[in-house]
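Colleague: My questions concern the predicted model and sequence given below.
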There are 2 protein chains.
Amino acid sequence: MNKQALIDQIRQKKSFLCVGLDTDLQKIPALMLKSDDPIYEFNKAIIDATSPYCVAYKPNLAFYEAAGWKGLQSLDKTLQYLRSLPEPVFVIADAKRGDIGNTSTQYARSFFGDSNPKKRFDAVTVAPYMGEDSVKPFLEFENAWTIVLALTSNKGSDDFQMLDCGGKKLYEKVLETTKQWGSDENMMYVVGATKAEMLADIRRIVPDHFLLIPGVGAQGGSLEAVIRYGMNRDCGLLVNSSRGIIYASKEADFAERAGEEAAKLQQQMAAFL
Amino acid sequence: MNKQALIDQIRQKKSFLCVGLDTDLQKIPALMLKSDDPIYEFNKAIIDATSPYCVAYKPNLAFYEAAGWKGLQSLDKTLQYLRSLPEPVFVIADAKRGDIGNTSTQYARSFFGDSNPKKRFDAVTVAPYMGEDSVKPFLEFENAWTIVLALTSNKGSDDFQMLDCGGKKLYEKVLETTKQWGSDENMMYVVGATKAEMLADIRRIVPDHFLLIPGVGAQGGSLEAVIRYGMNRDCGLLVNSSRGIIYASKEADFAERAGEEAAKLQQQMAAFL
C-alpha cells in the first residue's frame, strides 16, 4: 500500500488505528485452545470484530516464533486472511530486524519477497544500531515500507536513545541520518506514545513521515498528546494498541469486547480527522 | 553450556572456531536441491565435515526465516542434529533480537524455553538499542547466554556505534552499561574482526567476557590481529566464519572443502592456545 492509499484509507475509515496482533497462547481465551490452530482462529475473530475501526494490523513476530514453525504457519494464514478483507489494510511485520547487508537482504526477502503480492507484508520494523547497510536492503523492495526504531515506548529507551551525542540525542541522530536513506514514501519511524511530548521536536526533523506510535493503552501513553504533538496535514500517524484491544476480555465475548475497544479509539480519532 | 565447559572444549579441540550456518537455498550446491529438506541435509554434511575443528555453530536465523515455516523446521532438525554429536557444541541463534520486555520474553522463550534441554540454543544475539528491559528477559533463563551487539563488522557500524557520546563512543557506552546487567558467565559481546585494532580498548572495559568475532574470511578481518588484541587468559574468543567455510565449493566436494577450510583455521588457532 503506498502513502496516498494509506491516507485514503485513514480518511475513509476516519481512523488511524493499528491493531497489534501479539497473540499469546497463554493469554487467549481457553475456549480457543480446542481449535486446530488457536492462534489463527483467535486472530480471525479479532480481525472480523476490529476491521471496521482500524486501517492497519501489526503482528508481532516474537509471539509467532515462540510457537515454533507452527506459529509461522498461523502467521501465514493470518496474512492471507487480512488480504482477503473487502477493504485493503496496511500490514506491519513487527520484527525489529537489522543485520549485515547480506543477512538483512534475507530478512527483507522473508517479509517482502513473495512473488504473490497477497503474501507480502506492507512494512517491517527495523533496528538502526548496525547502520546504513543493515537498513538499505529493506528499502530496495518496491511497495514496501521500512519502519525504523527512533524513540521507543519502553523504560529502557533512556539507556541509549537519550544519550547526548554532541548536542543531539542519539534518537535525533538516528532520525537525521536515516531519513537520507529513503523518503517519506518508503520509510516511517517508531516513536513511543509514552514520549509524546517529544513529538514536536521529532516533527521538526521528520515533518512528512508517517510515525508508528506504540504505547497507547497497556503502556500508558495518551492518544490526545500524540495527536496534539504528532499529527501532520496527512494525519501522519498510525497509533497502535495491542493488549488493550485483543485481551479486553478472556471470555467468550473477547472478539465483541475487542471490537468495542477498537471502536472507542476510532471515535476519539475521528474527532481529529 | 557454561563458561568452564566452553573453555574445556576450546582446550580439548585446540580451536575457538564458530561455523556460521548461513544456509541459502540459492547458494548451496544444486545437487542438494533434490533432497526433501536441502537446508537440513546441507547443514548435516557441513557439520559432519567441520565438527572436529570447531567448538560452536551459529545458525543465522534470517536464512531459515527466508524459507518460511519450512526453513524453521530445517533449523529445528539442525539443532537436534547438533545435540546428537558425541562432543558437545555451543549453539548460537544469530537473531539480533530486542524489543519491549514482554516481547523480548517471547523471543527468549523461543530460543531458551523448551523443556527439553536438547531443543534449546546456548546463546542468542541481541541488539542493544532499546535498552535494559529489552535485554534482561534473555538473561533470566538459566544456562543461556545473551550476546549483545557492541561493535559490528559492517561498514554501517560507523553510522551510530562510533558516535561520540560525551567523550566515549556509543559502542563503549553499550559495553559499560550492559555489562552491569549480567556477568561474564551469561553475557558475551559481538565485536567485528574488521575492527580488531579496537579490541585492546574493548578488553579494558570487558576483560573477562567472551567475544563473538564475525568478519574473518568473506568480510576481510584478520585472525592474527583478533588474537593479538582480543585473547584473554581463558581464550575469551569465538571467531566465526560462515561463507568462507560453508561455500568453499559449490560442487559435490562442498563438505570436504568446508572441512579443509575449518581445519586451516583450527591449525592457525592451535598455535596460539
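Modeller: Structure's in. What do you need?

Colleague: mind listing the strands for the stretch 51-200 of chain A?
Modeller: Counting by DSSP state E, counting those that start in this stretch, the segments of the stretch 51-200 of chain A that form strands are A:56-59, A:90-97, A:123-126, A:145-151, A:164-165, A:168-169, A:187-191.

Colleague: other SSEs contacting the last one?
Modeller: Taking 3 or more CB pairs under 8 Å, 6 or more residues apart in numbering or on different chains; DSSP states H and E as the contact definition, the neighbouring helices and strands of strand A:187-191 are strand A:145-151, helix A:199-205, strand A:210-213. Every residue, glycine included, has its C-beta placed from N, CA and C.

Colleague: Mind putting these into a markdown table with mean pLDDT and mean neighbour count?
Modeller: Below are these laid out as a markdown table (pLDDT from 0 to 100; neighbours: other CB atoms under 10 Å in any protein chain shown):
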| stretch | mean pLDDT | mean neighbour count |
| --- | --- | --- |
| strand A:145-151 | 98 | 26 |
| helix A:199-205 | 96 | 16 |
| strand A:210-213 | 98 | 26 |
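
Colleague: do you know which of those lies nearest chain B?
Modeller: Closest to chain B of the helices and strands packed on strand A:187-191 is strand A:145-151 (CB to the nearest CB; 6.0 Å).

Colleague: still on that earlier bit, what's the closest of the strands of the stretch 51-200 of chain A to B:Ala30?
Modeller: strand A:90-97 (29.0 Å; CB to CB).

Colleague: Send me the closest one as PDB with only the CA atoms.
Modeller: Only the C-alpha atoms of strand A:90-97 are listed here, as PDB (Å, rounded to 0.1, in the frame of the first residue of the first chain):
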ATOM      1  CA  PHE A  90      -1.800  -2.000   5.900                       C
ATOM      2  CA  VAL A  91       0.100  -4.900   7.500                       C
ATOM      3  CA  ILE A  92       3.200  -4.400   9.500                       C
ATOM      4  CA  ALA A  93       5.600  -7.200  10.500                       C
ATOM      5  CA  ASP A  94       6.800  -6.000  13.900                       C
ATOM      6  CA  ALA A  95      10.100  -7.800  13.800                       C
ATOM      7  CA  LYS A  96      12.800  -5.200  14.900                       C
ATOM      8  CA  ARG A  97      15.300  -6.800  12.400                       C
END
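
Colleague: want to throw the helices and strands packed on strand A:187-191 into TSV with distance to B:Lys3?
Modeller: Below are those laid out as TSV (distance: least, CB to CB, whole Å):
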stretch	distance to B:Lys3
strand A:145-151	32
helix A:199-205	43
strand A:210-213	40
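
Colleague: In a markdown table: those, plus distance to chain B.
Modeller: Formatted as a markdown table, these follow (distance: least, CB to the nearest CB, whole Å):
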| stretch | distance to chain B |
| --- | --- |
| strand A:145-151 | 6 |
| helix A:199-205 | 15 |
| strand A:210-213 | 13 |
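
Colleague: Out of these, flag the one nearest B:Leu265.
Modeller: Nearest of the helices and strands packed on strand A:187-191 to B:Leu265, taken as CB to CB: strand A:145-151 at 35.4 Å.

Colleague: Which elements pack onto that closest one?
Modeller: Under the contact definition 3+ CB pairs under 8 Å, 6+ apart, strand A:145-151 sits against strand A:90-97, strand A:123-126, helix A:132-139, helix A:170-178, strand A:187-191.

Colleague: Tell me which residues are up against stretch A:241-251.
Modeller: With CB atoms under 8 Å, 6 or more residues apart in numbering or on different chains as the test, stretch A:241-251 has contacts from A:17-23, A:27-30, A:42, A:46, A:50, A:58, A:60, A:214, A:216-218, A:254, A:256-258, A:260-262, A:265.

Colleague: From those, list the buried ones, please.
Modeller: Among the contacts of stretch A:241-251, those classed as buried by 16 or more other CB atoms under 10 Å in any protein chain shown are A:17-23, A:28-29, A:42, A:46, A:50, A:58, A:60, A:214, A:216-218, A:254, A:257-258, A:260-262, A:265.

Colleague: Of those, which fall within the contact range of chain B?
Modeller: A:Asp22, A:Asn60, A:Pro214 (CB under 8 Å from any CB of the partner chain).

Colleague: tell me the pLDDT at the last one?
Modeller: In this prediction, A:Pro214 carries a pLDDT score of 93.

Colleague: what's the neighbour count on the spatially closest residue to it that is not a sequence neighbour?
Modeller: Of all residues not flanking A:Pro214 in the chain, A:Asn240 sits nearest, at 4.6 Å (CB to CB, 6 or more residues apart in numbering or on different chains). Using other CB atoms under 10 Å in any protein chain shown, A:Asn240 has 29 neighbouring residues.

Colleague: and stretch A:157-169, is it in reach of chain B?
Modeller: Yes. Judged by CB under 8 Å from any CB, stretch A:157-169 comes into contact with chain B at A:Ser157, A:Asp158, A:Asp159, A:Phe160, A:Gln161, A:Leu163, A:Asp164, A:Cys165, A:Gly166.

Colleague: sorry, back to before: out of the contacts of stretch A:241-251, which sit inside strands?
Modeller: Among those, the members found in strands (DSSP state E) are A:Leu17, A:Cys18, A:Val19, A:Gly20, A:Leu21, A:Lys58.

Colleague: which one among those gets closest to chain B?
Modeller: The shortest approach to chain B among those belongs to A:Gly20, at 10.0 Å (CB to the nearest CB).

Colleague: which non-adjacent residue is nearest whichever residue of the stretch 1-150 of chain A sits closest to chain B?
Modeller: As assessed by CB to the nearest CB, chain B sits closest to A:Gly131 within the stretch 1-150 of chain A, at 2.5 Å. Leaving aside its chain neighbours, A:Gly131 sits nearest to B:Gly156 (2.5 Å; criterion: CB to CB, 6+ apart).

Colleague: got a list of what that neighbour touches?
Modeller: A:Met130, A:Gly131, A:Glu132, A:Asp133, A:Ser134, A:Val135.

Colleague: Can you give me the pLDDT of the residue sitting nearest the centre point of chain A?
Modeller: The residue lying closest to the centre of chain A (CA atoms, centre = their mean) is A:Lys58, at 4.5 Å. For A:Lys58, the model assigns a pLDDT of 98.
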